[in-house]
Every structure is written in C-alpha cells, then in structure tokens.
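Enquirer: what follows is a predicted structure for the sequence shown.
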Amino acid sequence: MKKGYSYILILVFLSIIVINSIRVFRPYKINFAEIYIDKGSSTREIARMLKDKGIISSKSLFLIITKLRGLDGKLGSGLYQFSDNYTINKVIDKLANGQVVKYKVVIPEGYNLQEISKLLANHFKDKSISDKHLINQNRFDSLVVDTIFIHSQGINASNLEGFLFPDTYYIPSDFTEEMIIKAILHNFRKQVYPLFHKVPCFDSLYNIIKLASIIEKETMLDNERPIISGVYHNRLKRNMLLQADPTVAYALEQKKIFRKTIYYKDLKINSPYNTYRYLGLPPTPICNPGLMSIKAAIHPANTDYYYFFARKGRHIFSNTYKQHLARRRND
C-alpha cells in the first residue's frame, strides 16, 4: 500500500512539471530584460531576480528544474540579457554556461596608457546599468605600473606602455581589471610574436616597440611608416640624435603639459624622453603602436634618408641636412 502511494506521489509530481512545462517552455512575452548577478548569489536569489524582471513566471519551477538538472549553485555571475524567446530551460542554459553580455571596446592605435585608462573608464560608464561593473580606473592605473604584476606577465619593464595592443576587444561583463589587461597582453603576444622568425629576447622586442611607438605618432600613412623607420634606423647606426618631436610631446605630458604644437623652447626640456637632448631610444615606448608601425620598425625601408618634416599631412624626406633646410625654406 505504501509503495502504491509513493508511485502516486511521483506521478502527481511529474504531472505538475509536465503541465507547467507546457506553459513554461513556450516563449515569454517580454521584449528585453537585463539582470546583473553578483558573485556568490544563491539559486534562490537568482530566481527572485528573474521573477521580478518578468524573465520567468515561476520561481518554484525554476528552482525545481535547476535542482533536477544538477545546476543548483552552479549558475554564473555577471550581466545577462534575455529577449522574448527565452524559455526557462534556455534561461538556465545561459546562466549555467556563463553567457554574459560582452562589451565591444576599440583601443585606437597610438593611445598611451592614460588615454586607454580614460577610454575604458568612460566606455564602461556609458554601458553600465549599475555601479557593480564599472571599471576601477585607479586599480587599472596601478596595475599598468605595478612591476610585480608586469613581471608576472613576462614583461621586464617598469610599465606596460607599448604592450596594450590596439585592437577590438569583447570584454565580458564579469571582468576584473586584471582580466582586461591579461586579455590585451595575450593578444599582443598573439599578434606580434609571429612577426619574428623566433620569439625575440625581451631587450630586442622592447627596442622594436619603442621605435614603433615613435613611428606611430609620426605618421598616419602606412606607406610612410617603413621610410620613417629607415630614417631612425640610419640615425641610430650613426649614433645621431633621433630628434623625434613625439618624444618631446610625451616628455611634456609627463609633466602635465599638453599641447598639439611643439615649440622650439620645448626642445630644451630636461627629460630622458627628449630625443633632441639624449641619444638613442627613449626609456619606454611613448604610446601603444599598431601592427603596421611594429612591422615597419622590424622591417625599415632601405633608404639613405636622415631627415624629414611634415607638409600637408605627409612628410618630405632628405638625405642631407643642407637638402633638408633648403626644402623647408621652400615649403
């Protein structure tokens, strides 16, 4: 008798699930909804949030199905989006697989660390639906100069200038600042290392990135990049000053002086970044260069040019200083 009673209870329970499933497994009539799930949220708390947003119609059924599928306590955190074709099973699948919203972020070529930090902070501020997943700009800024963190990433430098590779990134909403930086560094290695015949020693790589960063700031024209690289390679071989205006601009920015035009008086600034005063490459890259500038730094044009100046968005190149002065006078 007891066994028969147990079978009846099981049949009743299964019947309830089937009846509810007929109603639950058709699309809910909602247009669009978002929820942010904190790390450590219980399945019951998640069910309540989903019910409050109209994403599910029954908390108890959500809890039952989650339990039956062995997913209780295994639902992901972060920002999730649901549209009007989501069934309870599809909602659970999305949460269990951690299919969080991803933010599209474009880091332009030639941005420096401060510009990237500000870009990310503003981007997430515009996209965020709550303060729970805003980027911590102070945390980001401290990480890019934290030598312990930087060295743990295989980079023997004082900061990450030059290594935050310009590209389009899709960042999950449950990000941390460390995750963002590590993803960008992974992309740097993926994009840059294949440009060499073998993985370069760090000093060689670092010098290439320093030079590429100057090339990046000198021109926006891809066909000029190898020529400018050739000029600087020639100057380095002859132990000449690079005399690169972008390095002076960077030196000024380090002193919180920002301007688009470099004046003659600026060329006297006492900074190791001032390549009008100090021989060789600057101590660090001056921006985060794109792939074309890095390629140009590795493969300079075979040229006898040692001088150039800007004219109407392009550059005029010269072999000698006398020729350079004459062309500037005629400009």
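Expert: Received, thanks.

Enquirer: quick check: which element contains residue 63?
Expert: Element membership of residue 63 [criterion: DSSP states H and E] is helix 59-68.

Enquirer: may I see the buried residues of that helix?
Expert: By 16 or more other Cβ atoms under 10 Å, the buried positions in helix 59-68 come out as 59, 61, 62, 64, 65, 66. The way it works is simple: take the backbone N, C-alpha and C, and place the C-beta from them, glycine included.

Enquirer: number of nearby residues for the closest residue to the third one other than its chain neighbours?
Expert: Put plainly, it is residue 62. Among residues not flanking residue 62 along the chain, residue 47 sits closest, at 4.6 Å (Cβ to Cβ, 6 or more residues apart in numbering). Residue 47 has 20 neighbouring residues, counting by other Cβ atoms under 10 Å.

Enquirer: what's near enough to touch residue 47?
Expert: By Cβ atoms under 8 Å, 6 or more residues apart in numbering, the residues touching residue 47 are 56, 59, 62, 63, 66.

Enquirer: so where's the chain shaky on pLDDT?
Expert: 1-31, 126-133, 199 (pLDDT under 70).

Enquirer: can you rerun that using 80?
Expert: In the predicted model of the chain, residues 1-32, 84-85, 124-134, 173-174, 197-200, 202, 331 satisfy pLDDT under 80.

Enquirer: hmm, back to that, and whichever helix or strand comes after the helix holding residue 63, what does it pack onto?
Expert: As assigned by DSSP H and E, the chain's next helix or strand after helix 59-68 is strand 78-83. Applying 3 or more Cβ pairs under 8 Å, 6 or more residues apart in numbering; DSSP states H and E, one finds that strand 78-83 contacts strand 32-37, helix 88-96.

Enquirer: contacts for the last one?
Expert: Applying Cβ under 8 Å, 6+ apart, the contact partners of helix 88-96 are 24-25, 37, 46, 50, 55-56, 58, 61-62, 65-66, 69, 71, 74-76, 80, 82, 86, 99.

Enquirer: show me which of the residues you listed are buried.
Expert: 24, 37, 46, 50, 55-56, 58, 61-62, 65-66, 75-76, 80, 82, 86.

Enquirer: and the chain, what are its domains?
Expert: Here the domain assignment for the chain is 2-96, 102-193, 198-329, based on automatic domain parsing.

Enquirer: can you give me the neighbour number for residue 288?
Expert: 28.

Enquirer: distance of the residue nearest to it when sequence neighbours are not counted relative to residue 87?
Expert: Leaving out its chain neighbours, the residue that sits closest to residue 288 by Cβ to Cβ, 6+ apart is residue 164, at 4.7 Å. To residue 87, residue 164 is 41 Å away according to Cβ to Cβ, to the nearest Å.

Enquirer: higher neighbour count, those two?
Expert: residue 164 (24 against 15).

Enquirer: look at that one and tell me its secondary structure.
Expert: Judged by DSSP: H, G, I helix; E, B strand; the rest coil, the three-state class of residue 164 is coil.

Enquirer: the stretch 151-300 of the chain: strands as residue ranges?
Expert: Taking DSSP state E, counting those that start in this stretch as the criterion, the stretch 151-300 of the chain contains strands spanning 168-172.

Enquirer: need the helices for it, in chain order.
Expert: Taking DSSP state H, counting those that start in this stretch as the criterion, the stretch 151-300 of the chain carries its helices at 177-192, 202-218, 225-237, 245-254, 291-298.

Enquirer: tell me which other helices or strands the second one touches.
Expert: Contact partners of helix 202-218 among helices and strands, from 3+ Cβ pairs under 8 Å, 6+ apart: helix 225-237, helix 245-254, helix 291-298.

Enquirer: pick the most deeply packed of those helices.
Expert: Comparing the helices and strands packed on helix 202-218 by mean neighbour count (mean count of other Cβ atoms under 10 Å), helix 291-298 ranks first with a mean of 22.

Enquirer: tell me the buried residues in the helix or strand just after that one?
Expert: Sequence order places strand 307-311 as the next helix or strand after helix 291-298, per DSSP H and E. Residues 307, 308 are the ones in strand 307-311 that count as buried (16+ other Cβ under 10 Å).

Enquirer: one more: stretch 32-47?
Expert: The neighbour-count criterion (16+ other Cβ under 10 Å) identifies 33, 35, 36, 37, 41, 43, 46, 47 as the buried residues of stretch 32-47.

Enquirer: what helix or strand is the closest residue to the second one other than its chain neighbours on?
Expert: Distances taken as Cβ to Cβ, 6+ apart place residue 49 nearest to residue 35, at 5.1 Å, with adjacent residues excluded. Taking DSSP H and E as the criterion, residue 49 maps to helix 43-52.

Enquirer: distance between that helix and the chain's centre?
Expert: Here helix 43-52 is found 32 Å from its chain centre; the criterion is Cα atoms, centre = their mean, to the nearest Å.

Enquirer: can you give me the angle that helix makes with helix 88-96?
Expert: Counting by axes from the mean of the first three to the mean of the last three Cα atoms, to 10 degrees, helix 43-52 lies at 120 degrees to helix 88-96.
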